[in-house]
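S.K.: Next comes the sequence, and after it the predicted model I'd like to discuss.
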Amino acid sequence: MSDYLSHEFAIDSYRPPPEGHVSHSRLERVLRAGRFAVTAESNPPDSADPEDVYQAAQPLGEVVDAINATDASGANCHMSSVGISALLTRAGYSAVYQISCRDRNRIAIQGDVLGAAAMGISNVLCLTGDGVGVGDQPGAKPVFDVDSLSLLRIIRMMRDQGQFLSGRKIKRPPNLFLGAAENPCIPPLEWRADRLAKKVEAGADFIQTNYIYDIQVFEAFMSRVRDMGLDRKVFILAGVGPLASARAARWMRSNVPGIHIPDFMISRMEQAENPGLEGKKICIELIQQIKEIAGVSGVHVMAYRREHLVSDIIRESGVLDDRKKTRTAR
Amino acid sequence: MYQIRLFAARHSRAFEWIYKRVESILVWMDPVFSRIGYNRVERPVAFIERGVKTLLFDCKMCGQCVLSSTGMSCPMNCPKQLRNGPCGGVRPGGFCEVKPEMRCVWVLAWDGASQMQDGQQIRDVLPPVERNLEGSSSWLRVSREKAANMRAARQAARTALADAFPEARSHEPSTAPLAEEPNRALKGSALK
């Protein structure tokens, strides 16, 4: 088996990243090798039992290159993303540690980044975060001390210059593959590619987008991205996910920030005899269409409470080609 | 105030022109401010600045004004206080995720910037706000910073001399001086 598919175990001792890489991340190796990458989001447990993290990861682990650990997404409290990422890394998975700017200030985040890297975590996704109002504890104080772009710049500085934002030296810098999000189907559509350019400028190595259900809008976005030459500077993973029903789709559209589901998708779900199956079918079609778009380096599957479908979706979409399973069960 | 703020972002080019004039006066005033003492002028200038900018832009006195790089739409009105927006939660029609009745500050910013002469500045990655500067005058800060930049540019020639003659600088430092010269020591100085 080639090197980029070999397991990525928790790092016991500090070592520099391989030549031409910024981290020990399997995701980075897959992307730099030019393979179509697959990542997926795991459902964070409301539990202090590590077994719950492993169980959530198991159905994903066999088909993905990395598993995202969400940071209280939708402002709902769950096990912390640094905890989940550390457990996943310990179990041999490549974890993407999501950091939201909503809950912690720059002091806490920089400390967490060092801690995460020390525990062997090698991918970070920098996010702004949803407002506290949509979550389960709307009275919480929103922090937003930094934003996703300044956070990218801060972590890049920690990694490349080996110093904190204050200029104080870091003895051993964190070797991290830096990610950011983009939402190509949400207004202002005309400026989304420009914002992506800013994220690349700030330090993003890879991008995971929010849900794509409108392939035409996404294609227009990607054509702008290619015109600006951004696809050569950053790896773009397009976000997808299976819809459960027309009702669930409508609910998501009006209650979860930043999700655009076009009417024709919802009516297709409505007319389906078996909506669950139709949702899966749509997801597979979207992945196949996305794979044909120039400049896209992979897909990111977000199957909230439908994680059991991810393995089938990935296999049936055919994006893994001849690739062996990256990891069986734990 | 919200309506005036929308008006300002719609007429970003005019406000850019006005601000550039104000800024050049502020920079020109630097020696005056220095003589009186920036400490002493801080409170009255901040008072005026707060009044004018609150009326026009719903200014929050972050002390690090970036209106010229944000299409004349103040980013501190974003509920997430993004300095590099918009976020991924913008609602259809360009409304705010957190305050659905408000136009997204950053949609206004990108639209406003596209009309401005220096509109491409919105592409610069801005650092996080230094919260300990909140409430202080950004105008005076600009005056100090730009004046310091101009002084540094004037110093560059002298620094280059010292860099080019390192031995002379170390053995006979007065032949390649680096320390700031008092005005009276200079013949025909532009600094008088």
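M.R.: Done, it's in.
S.K.: any idea how far the longest helix along chain B is from the chain center?
M.R.: Ranked by number of residues, the top helix in chain B under DSSP state H is helix B:138-164. Mean-position distance between helix B:138-164 and its chain equals 16 Å (C-alpha atoms, centre = their mean, to the nearest Å).
S.K.: contacting residues around the residue nearest the centre of chain B?
M.R.: Nearest to the centroid of the C-alpha atoms of chain B, with distances taken as C-alpha atoms, centre = their mean, sits B:V142, at 4.6 Å. Shown in contact with B:V142 (C-beta atoms under 8 Å, 6 or more residues apart in numbering or on different chains): B:E23, B:L26, B:V27, B:C65. Yep, even glycine has a C-beta here, placed from its N, CA and C like the rest.
S.K.: Skipping adjacent residues, who's closest to the last one in space?
M.R.: It refers to B:C65. Nearest-residue entry for B:C65: B:S138, 3.8 Å, with adjacent residues in sequence omitted and distances by C-beta to C-beta, 6 or more residues apart in numbering or on different chains.
S.K.: For chain A, see how far away the one you found is.
M.R.: 18 Å (C-beta to the nearest C-beta, to the nearest Å).
S.K.: Let me know the pLDDT of that residue.
M.R.: Listed pLDDT for B:S138 reads 97.
S.K.: again with B:A176
M.R.: Reported pLDDT for B:A176: 84.
S.K.: Distance check, it against B:R151.
M.R.: As judged by C-beta to C-beta, to the nearest Å, B:A176 and B:R151 stand 19 Å apart.
S.K.: Would you mind telling me which of these two has more residues around it?
M.R.: Between B:A176 and B:R151, counting by other C-beta atoms under 10 Å in any protein chain shown, B:A176 is the more crowded of the two (20 against 13).
S.K.: looking at it, the more buried one is touching B:A160, isn't it?
M.R.: No - B:A176 is beyond contact range of B:A160, at 9.8 Å (criterion: C-beta atoms under 8 Å).
S.K.: list the buried ones in the longest helix of chain B?
M.R.: Residues of helix B:138-164 classed as buried: B:S138, B:W139, B:L140, B:R141, B:V142, B:S143, B:R144, B:K146, B:A147, B:A162 (neighbour count, 16 or more other C-beta atoms under 10 Å in any protein chain shown).
S.K.: now swap in stretch A:162-178 and tell me
M.R.: In stretch A:162-178, counting by 16+ other C-beta under 10 Å, buried: A:F164, A:L165, A:I170, A:P173, A:P174, A:N175, A:L176, A:F177, A:L178.
S.K.: That one - what's its average pLDDT?
M.R.: pLDDT averaged over stretch A:162-178 gives 97.
S.K.: And for stretch A:305-320?
M.R.: The pLDDT scores in stretch A:305-320 average 94.
S.K.: got the CA positions of that stretch in PDB?
M.R.: This file holds the C-alpha atoms of stretch A:305-320, laid out as PDB (Å, rounded to 0.1, in the frame of the first residue of the first chain):
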ATOM      1  CA  ARG A 305     -28.200  11.300  12.100                       C
ATOM      2  CA  ARG A 306     -27.800   9.400   8.900                       C
ATOM      3  CA  GLU A 307     -24.200   8.400   9.300                       C
ATOM      4  CA  HIS A 308     -25.200   4.700   8.600                       C
ATOM      5  CA  LEU A 309     -25.700   5.700   5.000                       C
ATOM      6  CA  VAL A 310     -22.300   7.300   4.400                       C
ATOM      7  CA  SER A 311     -20.400   4.100   3.600                       C
ATOM      8  CA  ASP A 312     -23.000   3.100   1.000                       C
ATOM      9  CA  ILE A 313     -23.200   6.500  -0.500                       C
ATOM     10  CA  ILE A 314     -19.400   6.700  -1.000                       C
ATOM     11  CA  ARG A 315     -19.100   3.200  -2.400                       C
ATOM     12  CA  GLU A 316     -22.000   3.600  -4.800                       C
ATOM     13  CA  SER A 317     -20.900   7.000  -6.000                       C
ATOM     14  CA  GLY A 318     -17.700   5.300  -7.200                       C
ATOM     15  CA  VAL A 319     -15.400   8.100  -6.100                       C
ATOM     16  CA  LEU A 320     -13.000   5.700  -4.400                       C
END
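S.K.: Which residues does it contact?
M.R.: Contacts for stretch A:305-320 (C-beta under 8 Å, 6+ apart): A:36, A:38, A:40, A:42-43, A:56, A:59-60, A:62-64, A:241-242, A:244, A:279-280, A:283-284, A:287-288, A:291, A:299, A:301, A:303.
S.K.: again, 6 Å this time
M.R.: For stretch A:305-320, the external contacting residues (C-beta atoms under 6 Å, 6 or more residues apart in numbering or on different chains) are A:36, A:38, A:40, A:59-60, A:62-63, A:242, A:280, A:283-284, A:287-288, A:291, A:301, A:303.
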